[in-house]
Structures are given as structure tokens and as C-alpha cells.
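S.K.: whatever this is, show me its structure:
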Amino acid sequence: MSIPTREPGPSTPVHPEVVRRLLHSEPFARSRRFAERLDTDPVMLEELLDLVRLRQVENDARLAPLAGLVAQAVDWLSESAFEAGDSAALVARRHMTLAALIYLVDFNDVIPDDVVGGTVDDFVVLDYVLKRAFDPAST
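M.R.: All right, here's what the predicted structure looks like:
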């Protein structure tokens, strides 16, 4: 199973402490726990991917720059299946990718999505996790 690659692009500089706090937050920890269970359940996985598609990231001004990366993650997750023989690194990438997408559709994350600026945390988490998941140098 191969991991997709991404074109390098501009990134909004975010202070590393902000990223660390988001990745260690209870909402992201909840997303990670759910991702581990979801990865072996094809029905639940498809339901998540449908929710991500419905989120229409490309229509959100804050998240639009990540639309291609999100679409690539959705395609990769729908085409690849968890297998017992997968390397630990590949499984970790799948789980982190799933956790980032779960975080995206969770409207009660660190900054609730229904408040002004509520997608800023989604952008930071998606940008950080997906870029690293698809970085060929980290294989």
C-alpha cells in the first residue's frame, strides 16, 4: 500500500506551542481514540469519509487552502484498507490522518466551529497532521 505524496506549498506559520496544545487537547485525544477503533471498521470509516465530504472544506474560506490535501486523504483512506501486516509507521499515519478528519467534523473541538474563527484550530490540526502524513521524507 502506498502513501500519497503532496505538492509542497505555502504554509501559514503557526507557533509550535499552539500546535502542541491542539494535538494534546482532549478533543484531539478523543479523535485519536476514535480513529484507532474506526480504522478496522469499514462501515464506520465510510460514514466518516462521507461526513468529511459533506463538510465541503473547499467552501470554507479558512479551510479552502487544504481542500486538495483533505480530498487526497479521503481518497487514500477509502482506497487503502487496514491490514494486519501493515507497518507500524503506516498504521500510525492512517490513525493520525483519521484523527485529523474526525477533528475536522467535530463541531465541539477546541474552538467550536459555530463561533467566529471556529475553524482556525481545524486548519492548524489538518495542516500539521496531513502534511506530515503525506511527507515522503517521513516514510
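S.K.: could you say which helix or strand holds residue 77?
M.R.: Using DSSP states H and E, residue 77 sits within helix 67-79.
S.K.: after that helix comes which helix or strand?
M.R.: Later in the chain than helix 67-79, the nearest helix or strand by DSSP H and E is helix 88-105.
S.K.: and that following helix, what's buried?
M.R.: Residues of helix 88-105 classed as buried: 90, 93-105 (neighbour count, 16 or more other CB atoms under 10 Å). C-beta here means a position set from N, CA and C on the backbone, and glycine is covered the same way.
S.K.: quick one: which of the residues you listed is nearest residue 81?
M.R.: Closest approach to residue 81 among these (CB to CB): residue 94, at 9.8 Å.
S.K.: quick one: buried residues of stretch 36-54?
M.R.: For stretch 36-54, a neighbour-count test (16+ other CB under 10 Å) marks 38-39, 45, 48-49, 52 as buried.
S.K.: give me the average confidence score over stretch 120-136.
M.R.: Averaged over stretch 120-136, pLDDT sits at 89.
S.K.: tilt between the lowest-mean-pLDDT helix or strand in the chain and helix 88-105?
M.R.: Across the helices and strands of the chain, mean confidence by mean pLDDT, DSSP states H and E is lowest for helix 67-79: a mean of 90. Per axes from the mean of the first three to the mean of the last three CA atoms, to 10 degrees, the angle that helix 67-79 makes with helix 88-105 is 120 degrees.
S.K.: other residues contacting helix 67-79?
M.R.: For helix 67-79, the external contacting residues (CB atoms under 8 Å, 6 or more residues apart in numbering) are 3-4, 6, 45-46, 49, 52-53, 57-58, 63, 94, 97-98, 100-101, 104, 126-127, 130-131, 133-134.
S.K.: and residue 128, how far from residue 21?
M.R.: The spacing between residue 128 and residue 21, counted by CB to CB, to the nearest Å, is 12 Å.
S.K.: between those two, which is the more surrounded one?
M.R.: Per other CB atoms under 10 Å, whichever of residue 128 and residue 21 has more neighbours is residue 128, with 20 against 14.
S.K.: quick one, what contacts the more buried one?
M.R.: So residue 128 contacts 14, 19, 22-23 (CB under 8 Å, 6+ apart).
S.K.: widest-spaced pair of the buried residues of stretch 36-54?
M.R.: The two members of the buried residues of stretch 36-54 with the most space between them (CB to CB) are 39 and 52, at 14.8 Å.
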